[in-house]
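**Q** Model the following, please.
(one chain, ligands or ions: 1)
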Amino acid sequence: MKKTPPRTVHDFILWAARLFDNADLYFGHGTDNVQDEAAWLVGSALKISPSKLDACLKDELSLEQQNTLHALVDARITTRKPLAYLINEAWFAGLKFYVDERVIVPRSLTAEFITEQFQPWVKPAQVHRILDLCTGSGCMAIALAQAFPQARVDAADISLDALAVARINVENYGLRERVRLLRSDLFSALKSERYDLIVTNPPYAANDEMKMLPPEYRHEPALALASGERGLDTITTILAQVPKHLNANGVLVAEVGNSAITLQQDFPTVPFMWLSTSAGDESVFLLTAEQLQHHHSALARAP
Ligand SMILES: C[S@@+](CC[C@H](N)C(=O)[O-])C[C@H]1O[C@@H](n2cnc3c(N)ncnc32)[C@H](O)[C@@H]1O
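**A** Residues are numbered from 1 along each chain as shown. The predicted model follows:
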């Protein structure tokens, strides 16, 4: 690696981007290209908010700042850790979260639907109780609490490690009164609870997929990614159990990534509504409580 890094913010971003490019890193934990990753690293390390970075591009860096950035770039390349873990920061739905290796790096495509309150499918005024199942860092629970200020949110995860990180985020956002953290194996600790909206980003990687993941993913908890032979173990259990946890006008929104096709094939009669993100992805589906009730016998008989 070049010993003396450039001196301005702008030059440093270009320098880092070039090194990232040569190192053949994988992006997908907050950014999807070298340039954005480099800008995120530099901005975060220098404590410049993303909106102010452009205005600081000509700033000269002190030797100490240069050394800090040099060490971070080096760590990103040699350890292959997602940048989010190196700087303990991730962004989701426009909000900043604390993260470390106890949780997956937030990146769910559900974010853009949360900020739009899932309209037109959900009537925000009717949403009083929300469940974020498989909450991880708590990013969705907190974004949901912000998007639905009148609602109370339960955030459940099986991992005590994840819940400890979620606790930090709930405290940071001052949401202790409205976001309740629960340890639960899916719905097991939520016995008779019912919700107007259940949102989930469960693990959905198939065993073969797990073996082929780039090194960056190996720093994330396997519990957050792996979901059996075909990647459908968790979502099929959720689909079988969710009807009794939704109010009559309730809605389930779930992300299933690449497993969307297999899921639809396994349940050909179920009218999954695949929500299109601005990037054109279709890996998040919505089902109403009525649809889930109607197809309950098919969903309870997972292949
Ligand atoms: C894909 S991560 C999603 C985390 C977070 N919602 C996000 O979008 O960044 C899945 C989460 O599900 C949790 N999990 C895995 N199996 C679970 C289970 N049986 N019951 C509850 N949570 C589970 C993992 O600990 C992990 O935090």
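**Q** does the residue nearest to E282 when sequence neighbours are not counted belong to a helix or a strand, and which?
**A** Among residues not flanking E282 along the chain, W274 sits closest, at 4.1 Å (Cβ to Cβ, 6 or more residues apart in numbering). Glycine gets a C-beta too; all of them are placed from N, C-alpha and C. Here W274 sits within strand 273-275, counting by DSSP states H and E.
**Q** mind listing what that strand pairs with, with the direction of each?
**A** Strand 273-275 has its sheet partners listed here by DSSP bridges as strand 284-288 (antiparallel).
**Q** Report the contact partners of the one residue in the chain that gets nearest to the ligand.
**A** Relative to the ligand, the nearest point of the chain is G136 (2.5 Å; Cβ to the nearest ligand atom). Taking Cβ atoms under 8 Å, 6 or more residues apart in numbering, we find G136 in contact with V103, I104, P106, D157, S159, A162, V165, A166, N201, A224.
**Q** and what of N172?
**A** Listed by Cβ under 8 Å, 6+ apart, the contact partners of N172 are Y98.
**Q** From I114, how far off is it?
**A** The gap separating N172 from I114 is 18 Å, by Cβ to Cβ, to the nearest Å.
**Q** again with R176
**A** The value you get for R176 to I114, if Cβ to Cβ is used, is 20 Å.
**Q** The two - which one has more neighbours?
**A** Neighbours per residue (other Cβ atoms under 10 Å) separate R176 from I114, with I114 holding more: 24 against 11.
**Q** what comes up buried for the host helix or strand of the more buried one?
**A** Using DSSP H and E, I114 sits within helix 111-115. For helix 111-115, the neighbour count (16 or more other Cβ atoms under 10 Å) marks A111, F113, I114 as buried.
**Q** how far does that helix sit from the chain's center?
**A** 11 Å (Cα atoms, centre = their mean, to the nearest Å).
**Q** What is it packed up against?
**A** Counting contacts by 3 or more Cβ pairs under 8 Å, 6 or more residues apart in numbering; DSSP states H and E, helix 111-115 packs against helix 139-147.
**Q** returning to that earlier point: burial count for the residue lying closest to the residue of the chain closest to the ligand once chain neighbours are set aside?
**A** Nearest residue to G136, sequence neighbours excluded (Cβ to Cβ, 6+ apart): V103, at 4.6 Å. Neighbourhood size, V103 [other Cβ under 10 Å]: 29.
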